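# please work out how this folds:
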Amino acid sequence: MAKLNPLSMAAQVAESMKAPQTPKAAPSVATAVVEPVPVKTTREGKRFLGYYVEPQRHEEIKQAALDEGIQIQELLRQAVDAWMEANGTEAVATVERRRARRAERQ
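Numbering: from 1, shown residues only. Model prediction:
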């Protein structure tokens, strides 16, 4: 028997969880409203950054994101941005020193 692809199963579950679409009445010519096109987020030009946390910590982060009304990814981006704002110049200087040492060895 063929093994089911868990990704396709997840997509099916996500699709079934969407709210049902209610048909909209066609607007008259005089009251036509142009709806904005939703902006798609893209991963182009970006790199993945992640780390593992304990289940309890994950639930805390998830709840914090829900409380803020944002996704976990946005919450983590804000946390990294805040850290970079507080320590960024030191972090950048450390990276530059490390690159200089590597260049000297080569």
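# Glu60: neighbour count?
Close neighbours of Glu60, defined as other CB atoms under 10 Å, add up to 12. For every residue, glycine as well, the C-beta is placed using N, CA and C.
# element containing it, please.
Glu60 belongs to helix 55-68 when assigned by DSSP states H and E.
# phi, psi of Glu54?
phi -70, psi 150 (degrees, to the nearest 10).
# ok, back up a step: tell me which residues of the helix holding Glu60 come out buried.
Neighbour-count burial for helix 55-68, counted by 16 or more other CB atoms under 10 Å, picks out Ala65.
# so the helix or strand just after it versus helix 55-68, what angle?
For helix 55-68, the following helix or strand on the C-terminal side (DSSP H and E) is helix 72-105. Calculated by axes from the mean of the first three to the mean of the last three CA atoms, to 10 degrees, helix 72-105 forms an angle of 120 degrees with helix 55-68.
# how many residues are close by Thr89?
10.
# again with Ile72
13.
# need the per-residue pLDDT for it.
pLDDT for Ile72: 93.
# what's the burial count for Leu75?
Neighbours of Leu75 under the rule other CB under 10 Å: 17.
# typo on my end, Gln71
13.
# which residue packs closest to it, ignoring adjacent ones?
Ala65 (6.1 Å; CB to CB, 6 or more residues apart in numbering).
# so who does the one you found touch?
Contacts of Ala65 were listed using CB atoms under 8 Å, 6 or more residues apart in numbering, and they are 71-72, 74-75.
# closest to Glu59 out of those?
Using CB to CB, Ile72 is the member of the contacts of Ala65 that lies nearest Glu59, at 11.1 Å.
# and the residue nearest to the closest one when sequence neighbours are not counted, how far is that from Phe48?
Spatial nearest neighbour of Ile72, chain neighbours left out: Ala65 (4.7 Å); criterion: CB to CB, 6+ apart. Per CB to CB, to the nearest Å, Ala65 is found 18 Å from Phe48.
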